[in-house]
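Asker: quick one, fold the following:
(2 chains)
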Amino acid sequence: MKKEDIFSAMGNIDEAYLKESETAPKLEIKAGLGIGKTLAVAAALILMFGAALVLPKIARGNIIDPAGTVITDELSPSIDMAIRAHFDLDGDDEITTEMLNSITSLKIYRQDIPALSGTEYSLVRFEINGDNNFAAALPELMKPNYYEYVVGAIRGSGLYEEYIREGAPVEMPIDYIYQAYYTLYGGFSEDVYALDPRATNREVYLLYGILADSGMLDAWKISGNEFDVSSLKHFENLKEVEFVGLTPARDALSENVNVTLKDANAIDASGHPSYFDGVFLSPDGKYAIKISVANYASTVVSDSHTDATYELLLVDAADGSVITASGDEYVMEAALVNWSPDSKYAAIEVNRWNSSTNIVLFDTTNGSYRTLYGKSELETFTRRLFSYTDPTGTVWDNVHCRFDEWGIDSVKIELSLSTDIGGRLPFGSYVYIIPTQMASKLEYDLDLDVLWEQSFGPSEDDGIEIIEVDGVKIPVPAAYFSETQTIEFYAENNENGLLATVIHAEERNNNSGGTIFRIYRLTREQYEEISGENPGGVYALATDGEYYYTMSIPTSIEGDPLSTGPDSFMYISGKCQELVRERFAELNGFAEITTPDLYPQIDAISIVEVDGIKIPIYNNHESYSDIGYDTDGDYLFILYNKPQYESAGGGNQYLFSIYKYTKDEYLYKFASDAEFGVPPAVNDFRSRASVVAVDGDYYYVMLIGDVPPTKTLYSEAVVEHFAELNGFEKLTDENNVLEEMFTYDSEHKYYQYYPDGIETDYFYMIVLSQPVKQGEGGIWCVDRYFSMQTSGTPLVDTAGRPTIGWKIHLPVLPFDGEYTDFDAYYASQQQEYDNGNPDYELLGNPASLINRWCEATFGEGFNPSNNLVQVDYLANGIYDY
Amino acid sequence: MSNIGEGTFRTERGDTMTDKDIIELYFARSEDAIRKSEEKYGAYCRNIANNILHDSEDAKECVNDTWLGAWNSIPPKRPDSLKLYLASITRNSAYNRYRAGNADKRGKGEICAVLDELEGVIASTDTEAQIEGKALAECINNFLARLDVRERSIFIRRYYFVESSADIAARYSMSRANVLTVLSRTRKKLKKHLKEEKFTV
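Answerer: Below is the predicted model:
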C-alpha cells in the first residue's frame, strides 16, 4: 500500500463527516469570561500543573482505617488526587491509612503561570516518596483506571451515555481529553467532575487553563506562597517535606517532619503568542523543555510558515533556571517534544519546511544536547552523507529524522529520504534505533552501515534471502522466496558458465518458462565473446578479477506479460532483477564492472516481444501492478497505466506506443507542412512522436502519452534500448528519408516561387520529379519544396546563386489526416494520364502542373509571370542554421 | 464571498439563492447553475484546489473542471450538500492534476506534507501491496467512526481538505502544536487500525 492510496481513499469518506468538520464548534473563549480570545493562546500561556484537578462535585477523600472505619476528614482535593495517582487508585477506591503511613517524603512545588490577561496563577504539584506519578509524557503509560475522570466532561458523547448506563467508569483513550476541554469550554453548563491526572502535561495545562480562567478553580489556586498542610496530619510517617516556592500554612506540621523551604521562580513563558508553544515537563516533573522564539521575522507575509527561529531550552522545573540552551533552530511549525519515560532524555523534532527534519536530543543527566541533523554533510551521523541516487539519476538527499518511540535505553528514529522537491523514496522510511548514550557522548560515531546498505537497494537486510551456488551469493527477495515460494531456483553451474536460474514458480508450472534471470560466471574470453555478439538482455554485474558475472534476462517474455499485480511475473521479475543489480557485487565483495563499452548494458528493463520486435519496458516494479499493454490496434504496441487508461477511456492516457511505418508512411506523417496548416491531429501526433529506430524500409516511431511522471523513464528506456535490442539503426541523417533532397530518383525540374513578387528576395524552391514513369510519357509531381528560413538578407552560395534554408516540405498529397500509399496514388494518376483522361493531362506538363500547384497552394495573388521562375539548379550550399 | 453561511446565498439583486435553488438550475440545464456555483462556492473550491496544487492558475483550471463535473453529474445526482459535493469533485480533480503535474511543481504546498505524514501510517514493507480502493475507503470510514468529533474533524481537515495545521488551528481555535499532536496520535491509531484490518503488515 502507498500513502497515495490512503489519500485517495480519503476522497470517499462519508459526507456526514465532512459536514461535521465544517460545522464543528470553535473553542472560542466566551467574552464574559474575560480572558484571551482563543483557547490556544490562553492555553499556551498556562503553565505548570501536574497534579489532578477535581471539582468538589464528587465527594472523595474519605480515608478508611485498617479496622474499616471511615475517617471523615477529607484530604484536600489536590493531595487526594496525588495519592490516588501514586497508588494507582480508582476514583471509587478508598485511601487507607496504610497508604498514608507508607508516605515518608513529599515535595510540594509552586508553579506560577502568567496569562495573557496579566493574571498570574500559582498552582501546586507533588512528588511522593521521590516518585512523581503524574502526567506521564506517553499516553500508553497512563493507567486506565484514571480515564474515568474524563467521562463527566464529555457529556453528549456515546461514552458518556455508556458511563451513565453502566454506572461505572469507562475506559477511554486519553485523546478524549480534547473532547473534555471542548465541552468545558462550551459554556460550563455541564458538570465537570475531574480530569485525568495522567494526562500529558500539555493536556492538563490546556484544561487547567480553561478552568482557572473561568474562575471555577479558585479552590485550587494557592494563595500567595502558602500551602494548606492540614491534610498532612494523616501522614503519620512523614519525615521529609520539601516546599519549593511555598510555605506551610494553617496547621503546624509534626515536629518529626523535616521541612525544607526553597525559593522557586516561575519559568518565564513569554514569547510571541503565535509561536510560543509552551513548556513541556519531564515525566518526573524535574525538567522542562521550553520552546522560545529566538528570532521572529515574518519574512514571507503570505506564507503561514514564517521564518521564526526557535531556541530550545532545557529548564530546571523547580526554579525555572535554564540548564542548556540550543542554538537557533529554524522551525517550520511548532516542534514536537518527546520526553523519555525515565525523564533522562528529550527528543524534539524540528521540522524544516520542505527540507529536512532534525531531532534535537537533550540529556538531562549532564545537561548536554546534540542535534541529529537530517541533512548536513558535516553532521550526519557518521559524517557521511546519507543519500540515495535512484536509477534515473535523481538524488534523494533530504533526510528526515523523525522521532518514532522510546525504547529501552534507546530512541527509535525514523529516517526517510526525499528529493528537493519533496518526492519520497520508493522503499519508504527506515527506523533506526540509536542508543541513548549517544546523547551523552557527542563524539559517538554510529556505525550506520546498515543504513548505507539501505541506499544500495530497495530491500532491507531481513527481506533478502541469499542463494549460494558454488560460493557465489545471489540475493532474492525473501518475501517471494522463503515466505510464499513464488520463486524457485536451479543451481546449474554448467560449462557455459551458467550458475543459476531463478524462475517464477507458477509460470514454470504453466509451461510458459517463467525464467526471471540467469546468473553466469564467465571467463574473460567468454565474456568478450558475448560482448561482441551483442546478445541483448544481458547485464554485467561484477568481476572478481578472474571471472565476469552477468545476469541475463529473457529477451522474450516467458511469463504472462498481461498479468499484473504483486504476484505477477513482470512485477516479481522487476523486483528480483533490480535486487541483483543493486546488491550482487557488494554481497560477494566483487568489483562492479566499470567498462560499459565492453559489454552491452541493458539497464533496468524487461522485454516484451511483439511480432518479433522486442520492446524494452522500464522495470519500474512499483508501478507495474497497474500496467497493461495492447498490441491490437494500428500501433505495434501500447503501454499504459490500466486504471488511468480505462477511466479516461483511452485517449492519450498511455505511457508510450510504438508504430512501425513504411518509408512513405513516415514521410507522410512527418514531412512538414506547417506553413499551410496541419490538421490538429497531425500536429498532436508529431509533438508526441520520436523515431526510435530505422530498419531498412521501416521506421519505428514512439509516441509519448500524457501519463507523468514515469512516462519519461518508460520512454527513455525505449529510446535507449529499442534499436540495440532489435539490431536496428538509430535514426541518423544518413538513414532518414526526410533528410534526402528527393523522394523519387528521376529527372527533376526546379522552380522558385516568390510570394511577394520576383523583385523581392524571398522565395520557395519547388522540385518536380517523375514518380512513376521516367522520361517521355511520365507524369510529374511536386516532390519537395523548400522554404528559406530567413526573411532578411538573401543567402547566396559560393557561385553567387541564392541558397535556401533547410526546411523541407512534402506537399504532394492532400493532408486529410488519412495516409494514402504514395506509390499506389501516383500509379493510379499515371494510369489516368495514360488512359487520356483530360483531368490528368496537366500532369505531363511541368509548367502547367507547377502553375496549378502554386495556385492551389498559395492561393490568391499567385501570378506565374510575377511569382514563378524556373531555374536549372537546386540551390546548393544548404545553410546550416 | 466570505461570511456566507451554507445553504443561503444573497445575489447582487438581493434575491436569495439556496443550494436547493442552484441544484434546480442544474436540473433545468440552466447555465446559471455554473455561474451561481462559481459565485457562491468559487472561492471555497479554489481554496481546496490551491491547498493541493499550490498554483493559483492550476487551481482556477481545476475549479473550472469542478463546474463541468457538476454539470455532467447533476442530474442525475442530487447532492444533499452542494458545497461538499463540489468540494469532493474539486479535491479529487486537484489531486489527479497534482499526480499528473509537472515534476517541478511537485513537492510544493500542503499536499507534499500531507502525503509525507501519511507515509508514516504505512509500514515500510507495505509498499508493494495492491490495495482495493473501496475496501480501504470503508476501512477508513470505520476508523473515523471510532474517533470523537473533534479528532475526526481535525483529521478530515488535514487529510481530506489538505488544510495546513495553522488553518486548522485557526478553525478550531487551537495551537498549531496541539493540532500536530492530535494528528500525530490519530495517524498512529490509523496505522494500528490498518494493521488490524490487514491492510498493512
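
Asker: middle-most residue in chain B, spatially?
Answerer: With distances taken as Cα atoms, centre = their mean, the residue of chain B nearest its centroid is residue B:161 (3.5 Å).

Asker: so, low pLDDT: which residues of chain B?
Answerer: In the predicted model, chain B carries pLDDT under 70 at residues B:1-16, B:101-109, B:123-133, B:173-178, B:181, B:200-201.

Asker: would you map the helices across it?
Answerer: Using DSSP state H, the helices of chain B run over B:19-27, B:32-53, B:56-73, B:82-100, B:109-119, B:133-145, B:149-159, B:165-172, B:176-196.

Asker: residue A:729 is nearest to which of those?
Answerer: Closest of those to residue A:729 is helix B:82-100, at 34.5 Å (criterion: Cβ to Cβ). (Glycine included, C-beta is placed from N, CA and C.)

Asker: state the three-state secondary structure for residue A:236.
Answerer: State at residue A:236, reduced to three classes by DSSP: H, G, I helix; E, B strand; the rest coil: coil.

Asker: ok, back up a step: just name the most buried of the helices of chain B.
Answerer: Most buried of those, by mean neighbour count (mean count of other Cβ atoms under 10 Å in any protein chain shown): helix B:149-159, with a mean of 24.

Asker: how far off centre is that helix?
Answerer: How far helix B:149-159 lies from its chain's middle: 12 Å, per Cα atoms, centre = their mean, to the nearest Å.

Asker: what's the angle between it and helix B:176-196?
Answerer: 90 degrees (axes from the mean of the first three to the mean of the last three Cα atoms, to 10 degrees).

Asker: anything in helix B:149-159 sitting right up against chain A?
Answerer: Yes. Helix B:149-159 comes into contact with chain A (Cβ under 8 Å from any Cβ of the partner chain), by way of B:149-154, B:156-157, B:159.

Asker: could I get the residues you listed as a markdown table with distance to residue B:25?
Answerer: As requested, those are exported to a markdown table (distance: Cβ to Cβ, whole Å):
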| residue | distance to residue B:25 |
| --- | --- |
| B:149 | 33 |
| B:150 | 36 |
| B:151 | 38 |
| B:152 | 33 |
| B:153 | 31 |
| B:154 | 35 |
| B:156 | 29 |
| B:157 | 30 |
| B:159 | 32 |
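
Asker: run through the strands of the stretch 551-700 of chain A in chain order.
Answerer: Using DSSP state E, counting those that start in this stretch, the strands of the stretch 551-700 of chain A run over A:591-592, A:605-610, A:613-618, A:627-630, A:637-641, A:656-662, A:689-695, A:698-704.

Asker: turn those strands into TSV, columns for mean pLDDT, mean neighbour count and distance to chain B.
Answerer: Converted to TSV, the strands of the stretch 551-700 of chain A look like this (pLDDT from 0 to 100; neighbours: other Cβ atoms under 10 Å in any protein chain shown; distance: least, Cβ to the nearest Cβ, whole Å):
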stretch	mean pLDDT	mean neighbour count	distance to chain B
strand A:591-592	83	12	26
strand A:605-610	77	21	16
strand A:613-618	84	25	16
strand A:627-630	78	20	12
strand A:637-641	85	23	10
strand A:656-662	89	21	16
strand A:689-695	89	20	19
strand A:698-704	90	22	14
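
Asker: what's residue A:315 sitting at in phi/psi?
Answerer: phi -120, psi 140 (degrees, to the nearest 10).

Asker: report pLDDT for it.
Answerer: Per-residue confidence at residue A:315 stands at 84 (pLDDT).

Asker: I'd say it and residue A:323 touch.
Answerer: Yes. The pair residue A:315 / residue A:323 is scored as a contact, 6.5 Å apart, by Cβ atoms under 8 Å.

Asker: okay, these two: which has more neighbours?
Answerer: With neighbours defined as other Cβ atoms under 10 Å in any protein chain shown, residue A:315 and residue A:323 compare such that residue A:315 has more, 23 against 16.

Asker: and the more buried one, bridged to which residues?
Answerer: residue A:288, residue A:322 (DSSP bridges).

Asker: next one: it from chain B, what distance?
Answerer: Noted for residue A:315: a distance of 17 Å to chain B, by Cβ to the nearest Cβ, to the nearest Å.

Asker: residue A:505 contacts residue A:487, correct?
Answerer: Yes. In this structure, residue A:505 is within contact of residue A:487 by Cβ under 8 Å, at 6.3 Å.

Asker: the more surrounded of these two?
Answerer: residue A:487 (26 against 17).

Asker: test my guess that the more buried one contacts residue A:502.
Answerer: Yes. With contact defined as Cβ under 8 Å, residue A:487 and residue A:502 form a contacting pair (5.8 Å).

Asker: what residues are shared contacts of the two?
Answerer: Each of A:476, A:516, A:576 lies in contact with both residue A:487 and residue A:502 under the rule Cβ atoms under 8 Å, 6 or more residues apart in numbering or on different chains.

Asker: ramachandran coordinates for the closest residue to residue A:130 other than its chain neighbours?
Answerer: If the residues on either side of it in the chain are set aside, residue A:130 comes closest to residue A:105, at 6.4 Å by Cβ to Cβ, 6 or more residues apart in numbering or on different chains. Main-chain torsions, residue A:105, degrees, to the nearest 10: phi -140, psi 150.

Asker: if I look at residue A:105, how far off is residue A:255?
Answerer: Remark: distance between residue A:105 and residue A:255 (Cβ to Cβ, to the nearest Å) = 16 Å.

Asker: same check, this time on residue A:324
Answerer: Taken as Cβ to Cβ, the span from residue A:324 to residue A:255 is 41 Å.

Asker: tell me which of those two has more neighbours.
Answerer: Between residue A:324 and residue A:255, counting by other Cβ under 10 Å, residue A:324 is the more crowded of the two (17 against 6).

Asker: Three-state assignment for that one, please.
Answerer: Criterion first, three-state DSSP; result for residue A:324: strand.

Asker: ok, it - contacts?
Answerer: Taking Cβ under 8 Å, 6+ apart as the criterion, residue A:324 is in contact with A:313-314, A:362, A:367-369.

Asker: could the residues you listed go into JSON lines alongside secondary structure?
Answerer: Output for these, formatted as JSON lines (three-state DSSP):
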{"residue": "A:313", "secondary structure": "strand"}
{"residue": "A:314", "secondary structure": "strand"}
{"residue": "A:362", "secondary structure": "strand"}
{"residue": "A:367", "secondary structure": "coil"}
{"residue": "A:368", "secondary structure": "strand"}
{"residue": "A:369", "secondary structure": "strand"}
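
Asker: give the buried subset of these as a ChimeraX selection command.
Answerer: Remark: buried members of the contacts of residue A:324, expressed as a ChimeraX selection using 16 or more other Cβ atoms under 10 Å in any protein chain shown:
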select /A:313,314,362,368,369
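
Asker: which two of the contacts of residue A:324 have the greatest separation?
Answerer: A:313 and A:368 (13.6 Å).

Asker: which of the residues of helix B:149-159 next to chain A sits closest to residue A:692?
Answerer: Using Cβ to Cβ, the shortest approach to residue A:692 within the residues of helix B:149-159 next to chain A belongs to residue B:159, at 42.2 Å.

Asker: nearest residue to the closest one other than its sequence neighbours?
Answerer: Nearest non-adjacent residue to residue B:159, counting by Cβ to Cβ, 6+ apart: residue A:10, 5.0 Å away.

Asker: so what are the sheet partners of the helix or strand that residue A:542 is a member of and their directions?
Answerer: Counting by DSSP states H and E, the element that carries residue A:542 is strand A:538-543. Using DSSP bridges, the strands paired with strand A:538-543 in its sheet are strand A:548-552 (antiparallel), strand A:591-592 (antiparallel).
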